[in-house]
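> Here you go, sequence then predicted model.
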Amino acid sequence: MQHFLDINKTSPKDLRGMIDAAKKIKDARHGLPKGALDQDLPLEGHMVALIFEKPSTRTRVSFDVGVRQMGGQTMVLSGADMQLGHGETIADTARVLSRYVDLIMIRTFEEATLLEMAEHATVPVINGLTNRTHPCQIMADIMTFEEHRGPIQGKKVVWSGDGNNVFASFAHAAGQFGFDLTFTGPETLDPEQKFLDEARAKGVSIEIERDPHKAVDGADLVVTDTWVSMHDPQSARERRHNQLRGYQVNAALMSKAKPDALFMHCLPAHRDDEATSEVMDGPHSVIFDEAENRLHAQKAIMQWCLGA
Ligand code: CP
Ligand code: NVA
C-alpha cells in the first residue's frame, strides 16, 4: 500500500507509470457510457472514503465515478458532518476509517491534516488538495499536455498569476517530469521558495519573470488559476484582484507564446478575471480535457496506491 501525497514524494518512474496507465484506462473506455464498468474491475470489493472539508465539483465527481467504474464503492463525507469537525483527532479518525474502508481521499485545509491522516491510516491516503498542493490535478494536466503535444520533458511551462497550491504541484512536477517552469506574478504572491529550490536541484530551469509578456515568450503551455483560493480570506479579494489584474491570460498574452501553445486552468474559473472567455473557449484551451483527465489519472493513482 502506498500513499499519494505529493508529486515530489513519488518516484519519476512510478509517476510515468501512472500517466501511461491513465492513457490506457482512457482508451479502454472509448465509446462506453459513463455508467459502464471497466472490463477488469480493479477495485471490485473495495470501499473508498472521499472526505471534503472544502467545496468540490471535479474532485468529488471524478473520484466517485472512477471508483464505481472500477467496480468499487464510495462514501462521500463532509468534514463538518464527521466527528473530525467536532474535536476528534485526525489520528483517531484515520485509525477508525482504516477499519472500514480500503482507501481514503481527503481534501482539506492544512497540509498537516493530510500528513497526520497518512501517518496513522493503515490504508492508502490520497491528497485531493490542501492549502499547499494539488497533485491529482497536475497528474491530469501532464496527461492532457502529452495527449495534445507529446512528451512534456524539456518543454516550457509558464504560470501567470498567484503562486498558489496548484502552482506548487506544477513545481514538483517540473522536477519529476523534467520541464522548465516560469512563474510570472506580483512579488507579494510569489510561490514558496522551497518549491522553486527543490525543482532547480533536480536540474530544470525555474524562473521568476515579473513581466508576463516576457515570461510567455516561447511558452509551450500557459497556465493560470483563480486569484482567490478557497483558503484565502475573502477580505483579501480586492487587494489580490488589484495585484493580479496585469497577469490576466488574454488573447494579447497568448499571442506572445508559441503559436501552438496550450492554455490550462484547473477550474473553477472566474471568467474574465484570471483568464478571458476568449482564451478559455479559444483554440489554445484544453480546460475540459484537463477536467476529464482527472477521472482517468486518478483511476491510475488509485490502482497504484492499492497495487490493484
Ligand atoms: N480542479 C478542481 O480540483 O476542481 P474542484 O474544486 O471542483 O474539485
Ligand atoms: N487554487 C484553488 C484550486 C481549486 C481547485 C483553490 O485552492 O481554491
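Alright, I've got the coordinates. Numbering: from 1, shown residues only. Ligands and ions are numbered 1, 2, ... in the order given.

> drop to CA atoms for contacts and neighbour counts, all remaining ones
Noted.

> Where do the strands of the chain begin and end?
For the chain, strands defined by DSSP state E occupy the ranges 47-52, 73-78, 103-107, 125-127, 156-160, 180-184, 206-208, 221-224, 262-265.

> How far does the first one sit from its chain's centre?
Looking back up the chat, that one is strand 47-52. With Cα atoms, centre = their mean, to the nearest Å as the basis, strand 47-52 stands 17 Å off its chain's centre.

> and that strand, C-alpha only, in CSV?
Coordinates of each C-alpha in strand 47-52 appear next as CSV, following Å, rounded to 0.1, in the frame of the first residue of the first chain:
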residue,chain,number,x,y,z
MET,A,47,-14.7,0.7,-0.3
VAL,A,48,-13.4,4.2,-0.7
ALA,A,49,-14.0,7.2,1.6
LEU,A,50,-13.9,10.6,-0.1
ILE,A,51,-13.6,13.4,2.6
PHE,A,52,-14.2,17.0,1.8
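
> what is the orientation angle of that strand with strand 103-107?
Angle of strand 47-52 versus strand 103-107, following axes from the mean of the first three to the mean of the last three Cα atoms, to 10 degrees, is 10 degrees.

> Pull up the pairing partners for strand 47-52, direction included.
Strand 47-52 has the following strand partners under DSSP bridges: strand 73-78 (parallel), strand 103-107 (parallel).

> Now do it: everything it contacts.
With contact meaning Cα atoms under 8 Å, 6 or more residues apart in numbering, strand 47-52 is reached by 60, 63-64, 67, 72-79, 100-108.

> repeat that with 10 Å
59-60, 63-64, 67-68, 71-82, 97-98, 100-109, 124-126, 128-129, 302 (Cα atoms under 10 Å, 6 or more residues apart in numbering).

> Get me the contact residues on the stretch 201-308 of the chain for ligand 1.
Near ligand 1, the residues belonging to the stretch 201-308 of the chain are C266, L267, P268 when assessed by Cα under 6 Å from any ligand atom.

> Contacts only, for the last one.
Shown here is P268, whose contacts under the criterion Cα under 10 Å, 6+ apart are S56, T57, R58, D225, T226, A291.

> ok, of the contacts of strand 47-52, which come out buried?
Burial by neighbour count, 16 or more other Cα atoms under 10 Å: within these this picks out 59-60, 63-64, 67-68, 71-74, 78-79, 97-98, 101-109, 124-126, 128-129, 302.

> didn't A80 look like it was pressed against P55?
No. With contact defined as Cα atoms under 10 Å, A80 does not count as touching P55 (11.5 Å).
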